[in-house]
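Student: Provided below are the primary sequence and the corresponding predicted coordinates.
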Amino acid sequence: MTAIIDLLARGFSLSVELWPPRSSEAQVRLERSLERLEDLKPTFASITYGAAGSTRERTHDLVVAIHESKIMTPMAHLVCAAHRREELVSILERYKSAGIENVLALRGDPPLGATEFLAEGDLRHAIELVDLAKEIGDFCVAVGAHPEGHPDAPDLATDRRYLAEKLEHADFAITQFFFRAVDYFGLVSDLADRGIKKPVIPGIMPITNIKTVSRMAELSGTQLPDEVLDRVDRVASDPEAVRRVGVEIATELCAELLAEGVPGLHFYTMNQVSATLEICARLGLYRREV
């Protein structure tokens, strides 16, 4: 077993987010992505968990499969929204029994059309899930961070205060994707002012499809800056050009982050790793043909 916080202590980390496949075609795409990631040698992979646990078994199976393959260290996403405490205990105990040591604790989203009671679940905040995981086993627990503030927070200062409280309990954080390095550095600086110096890994999402990224940005509260939109809009009629520009934008952002000594880079791949590999190659972090 390997705790991700121990891996981060060894130096710079490259990591990816993957989704449990929902179809046979998606399974094939995931398997191809895993094959290509073997050369990149990511430090870890976080595996998503659908709203209210809609991918519970698929998430568990993929986490365990990656763990057993030893390709990289897996981290299981887990949410408390719409879950009873005993459900969460059961999930954590299963992971513990399978030798899984790393969990990303999130509040999560309620299922569409759920009543308020079901949507909330027994645990109301991610910090409670962090504490539960630590209670059940010797888990390394990460939490999410929003460089521009959580969309449900009343203001940025309140969000930063809550994040600092979570990180007093958790081991490290991974940010939501963003497009301005200043937002990430502001978050880290605010945490340091509050006495929190645990690793905060910046999350990167290359723009390969403007509609997809715009939808995800709206859901997460991430802004698409005018300078980013202007560059993409100039080539909007050409999907290949959009991807090319998206990779350029992400590479520039990563270079700015790397220049300041970030602890790692975490790529939101949507199970399509070509853009991630290309960015890493441009940065000198990956030297095989992409």
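Tutor: Now that the structure is in, tell me what you want to look at.
Student: wait, what's in contact with Met216?
Tutor: The neighbours of Met216, taking CB atoms under 8 Å, 6 or more residues apart in numbering as the test, are 177, 205, 222. Where you see a C-beta, it was placed from the backbone N, CA and C, and this is true even at glycine.
Student: List the ones among those residues that fall in strands.
Tutor: Phe177 (DSSP state E).
Student: Let me have the contacts of Met216 in CSV, adding pLDDT and neighbour count as columns.
Tutor: Formatted as CSV, the contacts of Met216 follow (pLDDT from 0 to 100; neighbours: other CB atoms under 10 Å):
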residue, pLDDT, neighbour count
Phe177, 96, 23
Met205, 96, 25
Thr222, 88, 24
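Student: Among the contacts of Met216, which one sits closest to Asp61?
Tutor: Distance to Asp61 across the contacts of Met216 (CB to CB) is lowest for Met205, with 25.1 Å.
Student: Show the pLDDT at Asp152.
Tutor: What the model reports for Asp152 is a pLDDT of 89.
Student: mind checking the SS state of it?
Tutor: coil (DSSP: H, G, I helix; E, B strand; the rest coil).
Student: got the contacts of Met216 as TSV, with distance to Leu14 columns?
Tutor: TSV is the format used below for the contacts of Met216 (distance: CB to CB, whole Å):
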residue	distance to Leu14
Phe177	16
Met205	15
Thr222	21
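Student: Which one of the contacts of Met216 is nearest to Leu30?
Tutor: Using CB to CB, the contacts of Met216 come closest to Leu30 at Met205, 17.8 Å.
Student: beta partners of the nearest residue to the closest one once chain neighbours are set aside?
Tutor: In space, and not counting its chain neighbours, Met205 is closest to Phe177: 3.7 Å by CB to CB, 6 or more residues apart in numbering. Per DSSP bridges, the residues bridged to Phe177 are Gly203.
Student: Phe177 and Gly203 touch, don't they?
Tutor: Yes. Under the criterion of CB atoms under 8 Å, Phe177 makes contact with Gly203 at 4.7 Å.
Student: Would you mind identifying the helix or strand in this structure with the lowest mean pLDDT?
Tutor: Least confident element among the helices and strands of the chain, by mean pLDDT, DSSP states H and E: helix 116-120 (a mean of 52).
Student: Name the next helix or strand downstream of that helix, please.
Tutor: Per DSSP states H and E, the first helix or strand lying C-terminal to helix 116-120 is helix 126-136.
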